[in-house]
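S.K.: Attaching a predicted model along with its sequence, questions to come.
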Amino acid sequence: MTDAPGKGRIASVQMLRFLAAFAVLIGHVEIFTYHTGQYLGVTLYRLPLIGHTAFGVDLFFAISGFVMIISSERLFGSADARRSFLLRRLLRIVPLYWLALAFMVLWGWRFGPAADAATAASGFAFLPHASNIAHGRMVPPLEVGWTLNYEMLFYALFALSIASTAQTTARRIATLLGILVLIGTAAPLPQPLAYWSDPIVIEFLGGIAIALLYRKGLRLPSTLRAAMLGCALLLVFGPFQDLPGAQGGWPRLLAWGLAGWLILGATVLGPLPLPQARWWNRGGDVSYALYLVHMPIMTVMQLVWRHFSLPYGTAQANLFAATAIALSVGAAALAHLIIERPIARLTATGRYATVPS
């Protein structure tokens, strides 16, 4: 959900960005496909372990910490580093998200369920809020935006922490996030502080630590990196989801958060020749758009299928899923071309052009 590190983009990071977004897409495709059938009176077989695709979010957070250090190289020690960083972040994240969010709000007002003013406004402001259309869950009308509420907190604290060196910046943001999580663990906090103090925010710090090791030139042997990937797979597909409070909190950090760090470290702290690296770079480029557009597309598809009571069985469900994937990838590529790339060219001008692409 974040930028690739500039002109010297790391192909392995681009690959991870795309795979993380695609994992989230696959999980949501399964949910929409299944519940469309439920509405039409058809109960479909649910794929085992499909819920583990949500791990893509945790991998995104690790990548975000890594990328913020790498892509901010020219900002450390600059007089207007905070302003430049925040402006670049806002231009990168806000326009496409607001467009997708506005679509979901307007769609809900027309076809239901309709978000109330507080739910809609908090979504645009990146403020966690108990949604009136999601059974009180802390999600905006475009549900994937819950992660951006954490991202924006991270960006604000990163800007506040920017210093003359990456190491000092890392220590400052680690202190701020650590204090926030410790307070939230020790005592109940009011919203939105309770939301922001979830240990999931520590996942950003793991990515920062890996970026510092990468900058120092640390490279790990291939056998160790393979072992790291194996351990990560065990954590991703392990039984932690059956634990109390596993949707967040410390269990998620210690399972999926750690898995995200292991995967990121294994891919960047050593050579990883990628076939067709150019295509992985393009996949990473469209990953943020893919993350945002797939739920609006499936929301429309689901309404059309329900409205016309189209035939629905295993074959039609497979068609629904395949169409949703194809349309989501195509729409993401288009959104990147006509929205993100022009903005990227705008932010790549001037003294601090480190480039979101």
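M.R.: Looks like it arrived, so ask away. Just so we're clear, the structure is a prediction, and the values are computed from it rather than from any experiment. Numbering: from 1, shown residues only.
S.K.: Please make it C-alpha for all contacts and neighbour counts, starting now.
M.R.: OK.
S.K.: If you count neighbours, what's buried in whichever strand or helix holds Leu334?
M.R.: Element membership for Leu334 (DSSP states H and E) is helix 314-335. Neighbour-count burial for helix 314-335, counted by 16 or more other CA atoms under 10 Å, picks out 317, 320-321, 324-325, 327-333, 335.
S.K.: shaky segments in the stretch 151-300 of the chain?
M.R.: Within the stretch 151-300 of the chain, the ranges that satisfy pLDDT under 70 run 240-247.
S.K.: can you pull out the helices in it?
M.R.: 166-186, 193-196, 202-215, 222-236, 249-252, 258-268, 277-285, 287-307 (DSSP state H, counting those that start in this stretch).
S.K.: Tell me which of those helices is the most buried.
M.R.: Each of the helices of the stretch 151-300 of the chain was scored by mean neighbour count; the highest is helix 258-268, a mean of 25, by mean count of other CA atoms under 10 Å.
S.K.: Now name the helix or strand holding the residue lying closest to His129 once chain neighbours are set aside.
M.R.: Excluding its sequence neighbours, the residue lying closest to His129 (CA to CA, 6 or more residues apart in numbering) is Met138, at 5.1 Å. Under DSSP H and E, no helix or strand contains Met138.
S.K.: And the pLDDT at Met138?
M.R.: Listed pLDDT for Met138 reads 95.
S.K.: Arg306 versus that one, what's the distance?
M.R.: 27 Å (CA to CA, to the nearest Å).
S.K.: Could you give the number of residues near Asp116?
M.R.: Asp116 has 15 neighbours, counted by other CA atoms under 10 Å.
S.K.: pretty sure it contacts Asn132?
M.R.: Yes - contact status for Asp116 versus Asn132: in contact at 6.7 Å, counting by CA atoms under 8 Å.
S.K.: Surely Leu176 touches Leu157?
M.R.: Yes - counting by CA under 8 Å, Leu176 does reach Leu157; the two are 7.4 Å apart.
S.K.: Mutual contacts of these two, please.
M.R.: Taking CA atoms under 8 Å, 6 or more residues apart in numbering as the contact criterion, no residue touches both Leu176 and Leu157.
S.K.: contact partners of stretch 174-183?
M.R.: For stretch 174-183, the external contacting residues (CA under 8 Å, 6+ apart) are 157, 196-199, 201-202, 205.
S.K.: Distance to Lys216 and pLDDT added to the buried residues of helix 314-335, as JSON lines?
M.R.: Below are these laid out as JSON lines (distance: CA to CA, whole Å; pLDDT from 0 to 100):
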{"residue": "Ala317", "distance to Lys216": "49", "pLDDT": "95"}
{"residue": "Phe320", "distance to Lys216": "47", "pLDDT": "96"}
{"residue": "Ala321", "distance to Lys216": "44", "pLDDT": "97"}
{"residue": "Ala324", "distance to Lys216": "43", "pLDDT": "98"}
{"residue": "Ile325", "distance to Lys216": "39", "pLDDT": "98"}
{"residue": "Leu327", "distance to Lys216": "42", "pLDDT": "98"}
{"residue": "Ser328", "distance to Lys216": "38", "pLDDT": "98"}
{"residue": "Val329", "distance to Lys216": "36", "pLDDT": "98"}
{"residue": "Gly330", "distance to Lys216": "39", "pLDDT": "98"}
{"residue": "Ala331", "distance to Lys216": "39", "pLDDT": "98"}
{"residue": "Ala332", "distance to Lys216": "35", "pLDDT": "98"}
{"residue": "Ala333", "distance to Lys216": "35", "pLDDT": "97"}
{"residue": "Ala335", "distance to Lys216": "36", "pLDDT": "97"}
